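[1] Got a predicted structure here, sequence first:
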Amino acid sequence: MRWQILISLLFLGCLSHTTHTNLTELVKANLYPFDGYSYDNVSVKVMGDLVYVKARCSKLDGVDEYLFMNDNGTLILKSYCLEALPQALKDELIEIALSNETIAKNAEGVVTVRRILPQTSAKFYAPKELFSVTWHGNSIVSALIDLDKGKVVRVYVSPSRKPYQAVSPSFVDFVQR
Amino acid sequence: MSSRISFPLVVMLVLLAISVASAQELIKPVPVGGVISYKIPFNLTRLIIEPKFKYVRLKPGESTSFTVKIKNPNDKDVTIDPKVVIPPYSEMDKSWVRIDKSRFVLKSKGNATLTITVSVPKNAEKGFYSCEIAFTNDTLPYPAETPRFVNVLHLSVQVWIPPSVRIYPTSVFKYVEAGRNYIFNITVENIADRSFTLNPKLTQAEYYGPNVNYLTKDMVSIDAPSTIPPHSKVTVRIHVRIPPTAKGTLRGYVDLGINDPGLEDWAKRVSISLIVFERPTEPFVRIIRVENASVLKVEVSTGLSQFIPYVPVPYGSPFSSNADVSVRLISPHGEVKVRPKVLERFVVTLGTYGPPWESTKGLYKVMSVGKTYTYIVENPENGVWRIEIMPKNCFMFNVEVEIE
């Protein structure tokens, strides 16, 4: 695998026990490229304890982004947005999502397809890699998909609102399981 | 005194006696391995197992090993008796999994590390397999088809075969015009030493939603060779005839029917999404009257793809970033050339709003882009003005006209 690691070290704090080489190795060990693919371009940006990673695979559309917290040499994954996926798979997932009537009735706007890692999926369905297909329109409409079973396992629809207008989390509404 | 007992009552009493006897039988202690064991609900010995879930991906004939840490937080020693438990729906065989330690006692507050080796037989079929590795015999006291062990590691094994055939593009997304014919070329590349067969067919998918129609066989014809020789590329030509009356979105799949066992079903298909679009030949025209105004201001904003329902619009698509308009301002005495002020708009989220299963907080995401062109004419000529707007690569635009 050809790694092009660009490390932009913007030290607002300092990496107490971690050298740059160690950080590169740490980051490598904590990335999750899509099954069967590997990253060929990874950029790492350090801001104090936070480590931002953007990873690309030339054979895939989209970018995978990770936000880690560096806890004395241990990277803790805080956030991630994994959109580097084959286009055919994205189409397949959108198709599966739209086979759910709630999704089909509410879906509008820009659609995103993201991978959900097992540690997150465990809270909502099972500890396995799932996919989230989300429409960002007047409301947020999302399907959590188990690709092995080819079905929608959870549905989320936020209240209707103007695009990207602030919504209190208390308005969050699960429509069906 | 004579007593009379009816026959139905006798039957009821007999049945009651049988059921009581059966119940007593059920609560009898059960001998397990020579030891009398009573199952007491919720009095279970729990261990800390890291990881609780393990996923491995192997080709047929491959093997891999990983370690599992077991911690005993209890105040008593616990007997660890690792065993592989295959759920009824799994086709995995116990022989696939080897554990380096057998029955042993884990001291109170002690730790142990076990090495688990997963070996996939050469003749295993592609797919997902799973099992549990139970470290103690503790089971949940609920009725279940199979015992539900408490101290387990869930093991998921994906058996895969590397694909030998590459297909590109795998999706066709295009705006088309009714009554016209289109040809979409799909390249199929074989990187293996053997040949594969090709048998493309149009297929339909389940699809809800208004304004969505299926591509039908009378609209689609496919030219393709029947084989893909080793280390070669072939072209599949998909001819689509858009009926003159077509409306909305036409969708379908072409299943290329390639016999490469490494390709998943979804990867053998080419997705086709065609949006029937009536390309305007004339600009949008708005007539306005100007009377003694100091400023005429025209703002034209390109619409964003977020208003198009059901259509996947990936970032970088011409319809999300290249939406544009051509504007002409025509005064009573001819066109007025005005250099517009251009304002670009981005909607950026910090991952705050989304479904609960997306952990994107703290990451910037550009959700949409748009442009606003502002044309300002100082001291516009009195009379009737004509505003002409020709859209490019967009379905909608906003217009604001201000006369001061």
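    Structure received. Residues are numbered from 1 along each chain as shown, chains lettered A, B, ... in the order given.
[2] For beta bridges, what are the partners of residue B:288?
    In this structure, residue B:288 bridges to residue B:385 when assessed by DSSP bridges.
[3] can you pull the contacts of it?
    By CB atoms under 8 Å, 6 or more residues apart in numbering or on different chains, the contact list for residue B:288 reads B:296, B:384, B:385, B:387, B:401, B:403. For glycine as for every other residue, the C-beta is placed from the backbone atoms N, C-alpha and C.
[4] The same query, at a cut-off of 10 Å, please.
    Contact partners of residue B:288, counting by CB atoms under 10 Å, 6 or more residues apart in numbering or on different chains, are B:296, B:298, B:329, B:380, B:383, B:384, B:385, B:386, B:387, B:401, B:403.
[5] okay, those residues in JSON lines with secondary structure next?
    Supplementary listing: these in JSON lines, determined by DSSP: H, G, I helix; E, B strand; the rest coil:
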{"residue": "B:296", "secondary structure": "strand"}
{"residue": "B:298", "secondary structure": "strand"}
{"residue": "B:329", "secondary structure": "strand"}
{"residue": "B:380", "secondary structure": "coil"}
{"residue": "B:383", "secondary structure": "strand"}
{"residue": "B:384", "secondary structure": "strand"}
{"residue": "B:385", "secondary structure": "strand"}
{"residue": "B:386", "secondary structure": "strand"}
{"residue": "B:387", "secondary structure": "strand"}
{"residue": "B:401", "secondary structure": "strand"}
{"residue": "B:403", "secondary structure": "strand"}
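[6] from those, which single one is nearest residue B:64?
    In terms of CB to CB, no member of these lies closer to residue B:64 than residue B:298, at 65.7 Å.
[7] buried stuff in stretch B:179-186?
    Under the neighbour-count criterion of 16 or more other CB atoms under 10 Å in any protein chain shown, stretch B:179-186 has B:184, B:186 buried.
[8] my bad, stretch A:59-73
    Buried residues in stretch A:59-73 (16+ other CB under 10 Å): A:60, A:61, A:62, A:63, A:64, A:65, A:66, A:67, A:68, A:70.
[9] distance between that stretch and the chain's centre?
    Centroid separation for stretch A:59-73 versus its chain: 9 Å, with CA atoms, centre = their mean, to the nearest Å.
[10] how about the buried residues of stretch A:59-73, which pair is most distant?
    Across the buried residues of stretch A:59-73, the longest distance by CB to CB is 29.7 Å; it joins A:61 and A:70.
[11] Show me the two of the contacts of residue B:288 that sit farthest apart.
    Greatest spatial distance among these (CB to CB): B:298 and B:383, at 15.9 Å.
[12] Please parse chain B into its domains.
    Each domain of chain B is listed here as a residue range: B:48-159, B:165-276, B:284-403, per automatic domain parsing.
[13] With mean pLDDT added, can I get these in TSV?
    Formatted as TSV, these follow (pLDDT from 0 to 100):
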stretch	mean pLDDT
domain B:48-159	92
domain B:165-276	88
domain B:284-403	80
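[14] quick one on the thing from earlier: the buried residues of stretch A:59-73: which ones sit near chain B?
    Residues of the buried residues of stretch A:59-73 in contact with chain B (CB under 10 Å from any CB of the partner chain): A:61, A:62, A:63, A:65, A:66, A:67.
[15] Now intersect those residues with the strands, please.
    A:65, A:66, A:67 (DSSP state E).
[16] How many neighbouring residues does the spatially closest residue to the last one that is not a sequence neighbour have?
    Sequence neighbours aside, residue A:79 is the residue nearest to residue A:67 in space, at 4.2 Å (criterion: CB to CB, 6 or more residues apart in numbering or on different chains). Look at residue A:79: counted by other CB atoms under 10 Å in any protein chain shown, it has 19 neighbours.
[17] buried set for the helix or strand containing residue A:79?
    Assigned by DSSP states H and E, residue A:79 belongs to strand A:74-82. Within strand A:74-82, the residues that qualify as buried are A:75, A:77, A:79, A:80, A:81, A:82, counting by 16+ other CB under 10 Å.
[18] Mind putting these into TSV with pLDDT?
    Converted to TSV, the buried residues of strand A:74-82 look like this (pLDDT from 0 to 100):
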residue	pLDDT
A:75	88
A:77	91
A:79	93
A:80	94
A:81	94
A:82	95
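[19] Which residue comes closest to the residue of the stretch 51-200 of chain B found nearest chain A once chain neighbours are left out?
    Evaluated by CB to the nearest CB, the stretch 51-200 of chain B has residue B:170 as its residue closest to chain A, separated by 3.4 Å. Closest residue to residue B:170 apart from its sequence neighbours, by CB to CB, 6+ apart: residue A:88 at 3.4 Å.
[20] sorry, back to before: next secondary structure element downstream of the strand holding residue A:79?
    helix A:87-98.
[21] buried sites along that following helix?
    A:87, A:88, A:89, A:90, A:91, A:92, A:93, A:94, A:95, A:96, A:97, A:98.
[22] what does stretch B:231-248 give?
    Across stretch B:231-248, burial judged by 16+ other CB under 10 Å covers B:234, B:236, B:238, B:240, B:242, B:246.
[23] any idea how far residue A:70 is from the closest residue to the third one other than its chain neighbours?
    It stands for residue B:238. Nearest non-adjacent residue to residue B:238, counting by CB to CB, 6+ apart: residue B:184, 4.5 Å away. According to CB to CB, to the nearest Å, residue B:184 and residue A:70 sit 48 Å apart.
[24] Now for the residue nearest the centre of chain B: which residues touch it?
    Here the mean C-alpha position of chain B is nearest to the C-alpha of residue B:266 (CA atoms, centre = their mean), at a distance of 11.2 Å. Contacts for residue B:266 (CB under 10 Å, 6+ apart) come out as A:86, A:88, A:89, A:91, A:92, A:93, A:95, A:96, A:147, A:150, B:170, B:253.
[25] what about it, which SS state?
    Assignment for residue B:266 (three-state DSSP): helix.
[26] Okay, the residue positioned nearest the centre of chain A and residue B:265: tell me how far apart.
    Of all residues in chain A, the one closest to the mean position by CA atoms, centre = their mean is residue A:81, 2.5 Å from it. Distance of residue A:81 to residue B:265, given as CB to CB: 27 Å.
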